[in-house]
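*Asks:* Structure here, sequence nowhere to be found:
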C-alpha cells in the first residue's frame, strides 16, 4: 500500500517527487552517513543560478559529529520547532549571498536560486531515503551570531534532515495527525494558465 | 562518451541532476507533447512551500498551440534572449504571489518557494528529455501587461522549454562556445561549513 504522505499526482512524475514529504517525526536512533550528506550538497551544487552566482551557503549542525554546533542551531529555533527538531540527526542553516560577486549590486534572484538548490538537495535526499523539513520559525539574528553569518549574507531557512520516525513520538496531537494526513495541493488549473492569467491550460481546442 | 555539459560530480547524485543543463540552442523542429508539459507542472505542484502557500504561477506560451501568446511573451525578452529563445517551442512566465493568502501579509519566502517548484519542474523536464533555460532578461512591466499578471503577483523569470538543438544554429560565437563548455561550479568546501562560517566540512577528525 502506498504511504499516506506520497503524492497522488494527476500526471506521471518522478518517484522522488511523488514520495517526498516533510516529516516532523525523525527517527532519533539513526544518524546520517557522511557520504549521504555530501551527496545532498553535491546535488545543490549543480543547480542553475542567475549569472551562475551560486548564492547558496549551508552551515551544518551534526548532532553526533559536532554536538555543540547542533545545539547552538537548535537553540535559535522557535519552541514549537525545537520540540521535534531536537530529534533530527542534522540541522542545516541555509544562507544566501544578497549581492552579486561581480558587481556588488543586489542579487534579486538570490532567494529564488537558493530555492532551486534546496529543491535539488531535497530530491537527492529522498533518493537516499532521507527526509527534510524546512523551517522559517527561527531567530535570524541568533542564527547569524551562532553561525557567524557575514553581513552580506542572510540566513533564510533551517532544515532538519534525517530518517522519518514514528508519529507517536510527537508530543502534539495536531502534529501527530499531520504526519499521516494526505498532502494537499491546488489543482494545476489554479496555477497554470494559457497565454494570459486566468485562461485555462491547456488552451481549449488543443488536440495534442 | 559523456555529454560535455553533464556535471562531473565529486559525489554520486541523481542522473537527472547530473545531466541537467541550460541550452540556448533549441531544436526548432520539435514541439513539446502536452502530456510532458502537464508532467512538468505536476512536478512543480508537489514542491514544499512555506505554510503550503504554493505561491507559484505559470503562464504558458506555446508556439504551436497558442502562437499569439508565444509571440507576446517573446516580445518582452531582451534582444539577446529573443535571438535564441524564438526557436524554443514553449516559453513560460513564472510569477509569484507576494502576499500570504491567509493573512495578506508579505510572503518573504515567495521567491524561494517558486525556486523550489521550478527546481522540481526542471528535473522532471530532464527526465523526459526536455531542457530548460531560465531568463531574467525581460521587461517585467511588459510581461505583466502581456499576460495580465495581477498587482499582488510578480513575474520573476521566463523559461524557455524544449529539446536541446545544435550549437551551430546560434548566431553568436560566444554562445556557440558556451553550449559545449563544461559547466563550472564552486567546490563544496566553498559553500558548506561545519557549525560556523568558514569552518571546513566535514569537521576535521570526522571518522565516518
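*Replies:* Thanks, I have the structure now. What you see is a predicted model, and the numbers here were worked out from it, not measured in a lab.

*Asks:* what about chain A, any weak spots by pLDDT?
*Replies:* Scanning chain A for pLDDT under 70 picks out the ranges A:1, A:204-208.

*Asks:* What ranges does it have for its helices?
*Replies:* Listed in chain order, the helices of chain A (DSSP state H) span A:15-19, A:34-45, A:67-74, A:79-85, A:110-127, A:140-147, A:173-178, A:188-191.

*Asks:* Dump the ones you listed to TSV, plus distance to chain B and mean neighbour count.
*Replies:* (Glycine included, C-beta is placed from N, CA and C.) Formatted as TSV, those follow (distance: least, Cβ to the nearest Cβ, whole Å; neighbours: other Cβ atoms under 10 Å in any protein chain shown):
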stretch	distance to chain B	mean neighbour count
helix A:15-19	5	19
helix A:34-45	4	23
helix A:67-74	3	19
helix A:79-85	13	17
helix A:110-127	2	27
helix A:140-147	6	18
helix A:173-178	11	13
helix A:188-191	5	15
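
*Asks:* In this structure residue A:100 contacts residue A:108, no?
*Replies:* No. With contact defined as Cβ atoms under 8 Å, residue A:100 and residue A:108 do not form a contacting pair (9.5 Å).

*Asks:* Between those two, tell me which one has more neighbours.
*Replies:* Using other Cβ atoms under 10 Å in any protein chain shown as the criterion, residue A:100 and residue A:108 rank with residue A:100 on top: 17 against 13.

*Asks:* Roughly how far does that one sit from chain B?
*Replies:* 12 Å (Cβ to the nearest Cβ, to the nearest Å).

*Asks:* Which positions within stretch A:192-208 qualify as buried?
*Replies:* Buried residues in stretch A:192-208, counted by 16 or more other Cβ atoms under 10 Å in any protein chain shown: A:192, A:193, A:194, A:195, A:196, A:197, A:199, A:201, A:202, A:203.

*Asks:* follow-up on the earlier one: in TSV: the helices of chain A, plus distance to residue A:153.
*Replies:* As requested, these are exported to TSV (distance: least, Cβ to Cβ, whole Å):
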stretch	distance to residue A:153
helix A:15-19	29
helix A:34-45	16
helix A:67-74	16
helix A:79-85	22
helix A:110-127	9
helix A:140-147	8
helix A:173-178	31
helix A:188-191	31
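
*Asks:* For residue B:51, which of these is the nearest?
*Replies:* helix A:173-178 (12.8 Å; Cβ to Cβ).

*Asks:* Any idea what the residue nearest to the spatial centre of chain A is bridged to?
*Replies:* In chain A, the C-alpha nearest the mean C-alpha coordinate belongs to residue A:134, at 4.4 Å (Cα atoms, centre = their mean). As for beta bridges, residue A:134 partners with residue A:159 under DSSP bridges.

*Asks:* so what's it up against?
*Replies:* A:22, A:94, A:118, A:157, A:158, A:159, A:160, B:48, B:50 (Cβ atoms under 8 Å, 6 or more residues apart in numbering or on different chains).

*Asks:* Kindly indicate the member of those residues with the most neighbours.
*Replies:* Top of the contacts of residue A:134 by neighbour count (other Cβ under 10 Å): residue A:118, with 30 neighbours.

*Asks:* Please look at that one and residue A:161 and confirm they touch.
*Replies:* No. If you go by Cβ under 8 Å, residue A:118 and residue A:161 don't touch, sitting 11.1 Å apart.

*Asks:* hang on, the earlier thing: which two from the buried residues of stretch A:192-208 end up farthest apart in space?
*Replies:* A:197 and A:202 (15.6 Å).

*Asks:* What count of nearby residues applies to residue A:105?
*Replies:* Other residues close to residue A:105 by other Cβ under 10 Å number 8.

*Asks:* list the contacts for the nearest residue in space to it that is not next to it in sequence?
*Replies:* In space, not counting the residues next to it along the chain, residue A:105 is nearest to residue A:99; the distance is 6.5 Å by Cβ to Cβ, 6 or more residues apart in numbering or on different chains. Going by Cβ under 8 Å, 6+ apart, residue A:99 touches A:105, A:106, A:107, A:152.

*Asks:* any idea which of those is closest to chain B?
*Replies:* residue A:107 (10.3 Å; Cβ to the nearest Cβ).

*Asks:* Kindly provide the distance from the residue lying closest to that closest one once chain neighbours are set aside to residue A:157.
*Replies:* Excluding its sequence neighbours, the residue lying closest to residue A:107 (Cβ to Cβ, 6+ apart) is residue A:100, at 4.8 Å. Remark: distance between residue A:100 and residue A:157 (Cβ to Cβ, to the nearest Å) = 21 Å.

*Asks:* Same check on residue A:180?
*Replies:* To residue A:157, residue A:180 is 25 Å away according to Cβ to Cβ.

*Asks:* cool, and residue A:20?
*Replies:* Residue A:20 is 16 Å from residue A:157, by Cβ to Cβ.

*Asks:* cool, residue A:176 as well?
*Replies:* For residue A:176, the distance to residue A:157 - Cβ to Cβ - is 24 Å.

*Asks:* quick one on the thing from earlier: quick one: the contacts of residue A:134 as JSON lines, columns for distance to residue A:14 too.
*Replies:* Converted to JSON lines, the contacts of residue A:134 look like this (distance: Cβ to Cβ, whole Å):
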{"residue": "A:22", "distance to residue A:14": "17"}
{"residue": "A:94", "distance to residue A:14": "23"}
{"residue": "A:118", "distance to residue A:14": "17"}
{"residue": "A:157", "distance to residue A:14": "23"}
{"residue": "A:158", "distance to residue A:14": "26"}
{"residue": "A:159", "distance to residue A:14": "21"}
{"residue": "A:160", "distance to residue A:14": "23"}
{"residue": "B:48", "distance to residue A:14": "15"}
{"residue": "B:50", "distance to residue A:14": "23"}
